[in-house]
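# Let's see this in three dimensions:
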Amino acid sequence: MYPGWRNNYLRYKTYFLNVLGRYRERADVRVYLEILLSLTAISIFSVFALRPTLLTIAELIKEIESKKLTLTQMEEKINNLSQAQTLFDRERGKIVLLDTSIPQKIDPVIFARQMEGLSSKHQSQILEVLTGSTPISGEVVIGSSTDSSSSSRDVEALPEGTLTFKYSIQLVSALDQFTALSNFLSDLEQLRLPSKLDSLSLSTTEIDQEKFLLMRIEGRLPYYSKGVE
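Got it, this is the predicted structure:
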């Protein structure tokens, strides 16, 4: 042990005893010392007592800022949704046309009526309208753009995932009314429902001992499906 510790001990003991004596003798020293000790105690307790409160306040301020940011983002999303709804309402008519032009399924009856309307308009007679199979309800498995019956090399493939409805039309007109068949074909291509023409043939045929122009059209109507109706 350090040999001079006794001397230091005696010296500091004497110093503290002198301070204690003056503290007891002089009131001003006692007051100042008590104030100093009180302030020191208050500072220590204030730090330990206020620190959790200050941390809580800091966390609350951070949370408020985060809530303000979230509120701003929500208001922006609400504004965007309102604009989208306004745009949808303005373009509702065009959207309905899109549902007609790109249907989820093909109705053979509607297609046949359209062909009858074109035939009546251009004064041509439909001999035959044949249609392929199309699902009425249930789940449609989307695979290749063409079915097994139309997978020949002569048939142009549609985009992957496109479903098709096959049709075949035979119609006749008088030999001197070739434009009637041409106009029928032109209107068929301009239907709101797009049609992919795969083959077209023109020949003559005899009906009741009279010769007519015979036009045979084979094509496909593309459509898409969301799956389960």
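
# What count of nearby residues applies to residue 121?
By the criterion of other C-beta atoms under 10 Å, residue 121 has 12 neighbours. Glycine gets a C-beta too; all of them are placed from N, C-alpha and C.

# what does residue 110 give?
By the criterion of other C-beta under 10 Å, residue 110 has 12 neighbours.

# and it, what pLDDT?
With respect to pLDDT, residue 110 scores 81.

# Could you spell out the sheet neighbours of the lengthiest strand in the chain, each with its direction?
Scanning the chain for the strand with the most residues, using DSSP state E, yields strand 210-223. Strand 210-223 has its sheet partners listed here by DSSP bridges as strand 163-174 (antiparallel), strand 196-207 (antiparallel).

# So which of those strands has the densest surroundings on average?
With neighbours defined as mean count of other C-beta atoms under 10 Å, the strands paired with strand 210-223 peak in mean count at strand 163-174, which reaches a mean of 21.

# list the buried ones in the helix or strand that that strand is followed by?
Going down the chain from strand 163-174, the next helix or strand is helix 178-189, by DSSP states H and E. Using 16 or more other C-beta atoms under 10 Å as the test for burial, helix 178-189 gives 180, 181, 183, 184, 185, 188.

# what's in contact with helix 178-189?
Outside helix 178-189, the residues that touch it by C-beta atoms under 8 Å, 6 or more residues apart in numbering are 115, 118-119, 121-124, 171, 173-174, 195, 197, 200, 202, 213, 215, 217.

# for the record, mean pLDDT for it?
pLDDT averaged over helix 178-189 gives 87.

# got the angle for it vs strand 196-207?
150 degrees (axes from the mean of the first three to the mean of the last three C-alpha atoms, to 10 degrees).
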